[in-house]
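Peer 1: Please find the sequence and the predicted model below.
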Amino acid sequence: MKLLSSIKKELILAARSFYFYIEIGFALIMLAVLLFAVPEHSGARSEEYLYLDLPPAAAKVLIDETLDEDIDGRPQETELKAEGAVYKALLFQTDERDIFLMESEAAAETMTKHKKAIGAVITMDKGELHYKYFLQGYESKRLKNLLLVLHAQDFDTLETRMNEQKVINVDSGHIPLNDRENAIPPLMAFSGSLMSMFIMAAYVSLDRQEGVIKAFAVTASPVSKYLISKMFVLMLTSVISGLIVVAPLMGTKINYALLLLLLLTTGVFASMLGLLTASFFQNITKAFGIIFLPMVLFMLPAIAYYIPGWDPVWVKLIPSYPMLQGFKEIISNGDAMYVLLVSAGFLAAGFVLFLITNNRFRKTLTV
Amino acid sequence: MISVKGLYHSYSKDDKYAVKNVSFEIPKGEIFGFLGPSGAGKSTTQGILTGLLSLQKGDVSVAGYDIKQIKQEMFNKIGMSFEQSNVYSKLTALENLKFYSRLFDVPTRDPKELIELVGLRGKENIRVGEFSKGMKHRLTFARSMINNPEMWFLDEPTTGLDPAIAANIKDIIREQNNKGITVFLTTHNMYIADELCDRVAFIIDGEIKLIDSPKNLKLRYGKRIVDVEYIDGSAKKKGSFSTVEQKDRDALASILHSKEILTMHTKEATLEEIFIKVTGRGLGVSEAS
């Protein structure tokens, strides 16, 4: 009864405070960004802008070869706008690329610059094809070397050699996700942990400012119920915001029971960490400096997430690492046992933090 | 109802005591005033008695419970009205009281009745954030009665209230006391202490200097003088007469017998004057009573 009453009160307070709407709003913004700004395959499909400075016969040979790869076997006449000018182009669409055949070298160069893509001018000298590439300037040495190597031998030899190569994937744990799906785990982990931590600290600061913790402390309800009711609201917010992002993007493709479990257990952990942090400070302004430290620390695993080659052991010890990997397993329908273990770990850690926080609140927050 | 023996408390946990060697007893049904200026140790003592501050040294029992090991059930018997109003500003007055009423294991009072009692009728469904300071204070006061406390702690209960509302609050305190509720009243307002308290304690620099009833204190420290304004012939005259010395008593009797009396006042010492006399320090702020 006491706990239910506290939870009901916290829900009313959350509904009447803007922090609740910040988290929901943040989730909606993230959903909109993922739906409308992040393509499913941003890196897989490339655009190329070519100008063939060739005799008509040679140009026809190249165009015919390109047409063989075209999805419908026909080029599309199109107009491209860049820097206030309109350029006519022929578009060839293959499985992996959009190739625009431009009407001039200047047009190819302008479009390359405008679209931050790759451009090339193909010329012929003494019966041999020559390639001039337009790059953005930030491409790696590896890519530049690759382009040089590409033209060191004829295409037929290269293609034969490539087909003979045997490729073995040594990282069996690698789970292919499209770009949009790949962006979900960090959002879930960071909105869940960092936002929950910050919002919890804000909630407690408001309560301290109003002095209501003191009033609660002289009732027959233990402080633990105050903490649990706060945690419940944060967990609920975390689940709502999590589902706002995941459900429209993943539909019925994932295990929602596992998702809820991880959202709830990470919610317990993050809210307790926020409560513990808040217990050291009189108001949110004073807490800001310290809250930023774990926030920055918690962001580090995102680097390891996006750069798999950088994955030191110490990063794996940061709580947001297993959080992130757990959400990744769920989104990719991967290892359910890993998710269960991570959830159990966060629940246990949350419980320990709860004991410490409860003790601190009883001693420090009332006077 | 309250027993305090050899109470010490230091915030810095060294020998800089905010409260030192404080001892007193409050029997059931008494209104006990804890008088002292800001920083005297009133709030520290009250914090310890209500479990908000940990007991470092001394023996304290409240409503039959040892404060060394506070049991949650103790709070069913005590009520606390804070000096700084501390209610949820985003909840309405009614929501606030309903919420707190569910945090006790004993029958509680009807929130609407309490709201009406403190003069907030018609405001029950307004969010407290829209309340004036005085209204918030009255709601905080009302909340302290929600669990029908046997031991009632009141910290500056009339602070910030206009005289009419302050009078209403004092009436409520008297009514509750008449029902047998023990009151621990912390204040620096000598008027409210004088009007309400059966006994008062003067605390200064963490030490209790004196405990007695306001009446006894006035008898002990008052001047026992009567000021009289009377008509003598055609002239208006004034005189001060001791009620103790025989010569003055005779002179006063003569005036009363033969002259036309315009005004006559007994000149008692106020609690503040007594406090200054006893402690050598003032109480600080005076306010509407």
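Peer 2: Structure's in. What do you need?
Peer 1: Indicate the residue of the stretch 51-200 of chain B located nearest to chain A.
Peer 2: Among residues of the stretch 51-200 of chain B, the one nearest chain A by CB to the nearest CB turns out to be residue B:86. It sits 3.1 Å away. C-beta coordinates here come from the backbone N, C-alpha and C atoms, glycine included.
Peer 1: Helix, strand or coil: sort out residue 281 for me.
Peer 2: Using chain A. Assigned by DSSP: H, G, I helix; E, B strand; the rest coil, the conformation of residue A:281 is coil.
Peer 1: that's the other chain; I wanted chain B
Peer 2: Recorded secondary structure, residue B:281: coil (three-state DSSP).
Peer 1: cool, residue A:327 as well?
Peer 2: Assigned state for residue A:327: helix (three-state reduction, three-state DSSP).
Peer 1: And it, what's its pLDDT?
Peer 2: pLDDT for residue A:327: 93.
Peer 1: Touching, it and residue A:183? I think so.
Peer 2: No. Residue A:327 sits out of contact with residue A:183 when judged by CB atoms under 8 Å, with a separation of 11.0 Å.
Peer 1: quick one, which of these two is more surrounded?
Peer 2: Between residue A:327 and residue A:183, counted using other CB atoms under 10 Å in any protein chain shown, the more crowded position is residue A:327 (26 against 20).
Peer 1: Excluding residues flanking it in the chain, which one is nearest that one?
Peer 2: When the adjacent residues along the chain are set aside, residue A:327 lies closest to residue A:185, with 3.8 Å between them (CB to CB, 6 or more residues apart in numbering or on different chains).
Peer 1: any idea how far chain B is from the one you found?
Peer 2: Computed as CB to the nearest CB, to the nearest Å, the residue A:185 to chain B distance reads 35 Å.
Peer 1: which stretch of helix or strand covers that residue?
Peer 2: Using DSSP states H and E, residue A:185 maps to helix A:179-190.
Peer 1: How about residue A:131?
Peer 2: strand A:128-134.
Peer 1: Any buried residues in that strand, and which?
Peer 2: Going by neighbour count (16 or more other CB atoms under 10 Å in any protein chain shown), the buried part of strand A:128-134 is A:133-134.
Peer 1: go on, stretch A:311-327?
Peer 2: Burial within stretch A:311-327, assessed by neighbour count using 16+ other CB under 10 Å, is assigned to A:315, A:318-327.
Peer 1: burial of residue 162, as a residue count?
Peer 2: Unless you meant another one, I'm taking chain A. The burial metric for residue A:162, expressed as a neighbour count using other CB under 10 Å, is 9.
Peer 1: sorry, should have said chain B
Peer 2: Residues near residue B:162, counting by other CB under 10 Å, number 10.
Peer 1: for the one 4 residues further on, same thing?
Peer 2: One way to gauge burial is a neighbour count; for residue B:166, by other CB under 10 Å, it gives 21.
Peer 1: Okay, and it sits in which element?
Peer 2: Per DSSP H and E: residue B:166 is located in helix B:163-178.
Peer 1: Name the next helix or strand downstream of that helix, please.
Peer 2: Past helix B:163-178, further along toward the C-terminus, the next helix or strand under DSSP H and E is strand B:182-187.
Peer 1: Around chain B, which positions in the stretch 101-250 of chain A sit nearby?
Peer 2: With the criterion set to CB under 8 Å from any CB of the partner chain, the stretch 101-250 of chain A comes near chain B through A:210-212, A:214-222.
Peer 1: Pipe the buried residues of stretch A:311-327 into CSV and attach distance to residue A:32 and secondary structure per row.
Peer 2: CSV is the format used below for these (distance: CB to CB, whole Å; DSSP: H, G, I helix; E, B strand; the rest coil):
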residue, distance to residue A:32, secondary structure
A:315, 30, helix
A:318, 29, coil
A:319, 28, coil
A:320, 24, helix
A:321, 27, helix
A:322, 28, helix
A:323, 23, helix
A:324, 22, helix
A:325, 26, helix
A:326, 25, helix
A:327, 20, helix
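Peer 1: picking up where we left off before, now do the helix holding residue A:185: distance to the chain's middle.
Peer 2: Averaging C-alpha coordinates over helix A:179-190 and over its chain gives two centres that are 4 Å apart (CA atoms, centre = their mean, to the nearest Å).
Peer 1: can you list contacts of it?
Peer 2: Contacts made with helix A:179-190 from outside it, assessed by CB atoms under 8 Å, 6 or more residues apart in numbering or on different chains, are listed as A:30, A:34, A:38-43, A:242, A:245-246, A:249-250, A:263, A:266, A:298-299, A:301-302, A:305-306, A:320, A:323-325, A:327-328, A:331-332.
Peer 1: Which stretches in chain A count as strands?
Peer 2: Counting by DSSP state E, residue ranges of the strands within chain A are A:46-53, A:76-82, A:85-93, A:97-102, A:118-125, A:128-134.
Peer 1: can you put those strands in JSON lines and add mean pLDDT?
Peer 2: As requested, the strands of chain A are exported to JSON lines (pLDDT from 0 to 100):
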{"stretch": "strand A:46-53", "mean pLDDT": "90"}
{"stretch": "strand A:76-82", "mean pLDDT": "91"}
{"stretch": "strand A:85-93", "mean pLDDT": "92"}
{"stretch": "strand A:97-102", "mean pLDDT": "91"}
{"stretch": "strand A:118-125", "mean pLDDT": "90"}
{"stretch": "strand A:128-134", "mean pLDDT": "88"}
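Peer 1: Counting neighbours, what do you get for residue 127?
Peer 2: Looking at chain A here, since you left the chain open. 6.
Peer 1: The chain in question should be chain B.
Peer 2: For residue B:127, the tally of surrounding residues (other CB under 10 Å) stands at 16.
Peer 1: what's across from it in the sheet?
Peer 2: For residue B:127, the residues forming beta bridges with it (DSSP bridges) are residue B:92.
Peer 1: ok, it - contacts?
Peer 2: When the contact criterion is CB under 8 Å, 6+ apart, the partners of residue B:127 are B:89-92.
Peer 1: just residue A:262 next, same as before
Peer 2: Contacts here follow CB under 8 Å, 6+ apart; on that basis residue A:262 touches A:323, A:326-327, A:330, A:339, A:342-343, A:346.
Peer 1: Looking at those, which is nearest chain B?
Peer 2: Proximity of the contacts of residue A:262 to chain B was ranked by CB to the nearest CB; the top entry is residue A:346 with 29.4 Å.
Peer 1: The closest one: how many residues sit nearby?
Peer 2: For residue A:346, the count of nearby residues is 25 (other CB under 10 Å).
Peer 1: and it, how far is that from residue A:238?
Peer 2: For residue A:346, the distance to residue A:238 (CB to CB, to the nearest Å) stands at 12 Å.
Peer 1: ok, now residue A:310?
Peer 2: Counting by CB to CB, the gap from residue A:310 to residue A:238 is 28 Å.
Peer 1: what sits against residue 241?
Peer 2: You didn't pick a chain, so chain A it is. A:23-24, A:26-27, A:191-192, A:195.
Peer 1: wrong one, chain B
Peer 2: Here residue B:241 is in contact with B:225-226, B:228, B:248-249, B:251-252 (CB under 8 Å, 6+ apart).
Peer 1: Next step: those residues restricted to strands.
Peer 2: In strands, defined here by DSSP E, the members of the contacts of residue B:241 are B:225-226, B:228.
Peer 1: which residue sits closest to the residue in the stretch 1-150 of chain A positioned nearest to chain B in space, ignoring its chain neighbours?
Peer 2: Chain B sits closest to residue A:5 of the stretch 1-150 of chain A, with a gap of 3.8 Å, by CB to the nearest CB. Closest residue to residue A:5 apart from its sequence neighbours, by CB to CB, 6+ apart: residue B:102 at 3.8 Å.
Peer 1: before we move on, what about residue A:362?
Peer 2: residue A:223 (5.3 Å).
Peer 1: which of the contacts of residue B:241 count as buried?
Peer 2: So, by 16+ other CB under 10 Å, the buried ones in the contacts of residue B:241 are B:225-226, B:228, B:248, B:252.
Peer 1: Many thanks, I have nothing further to ask.
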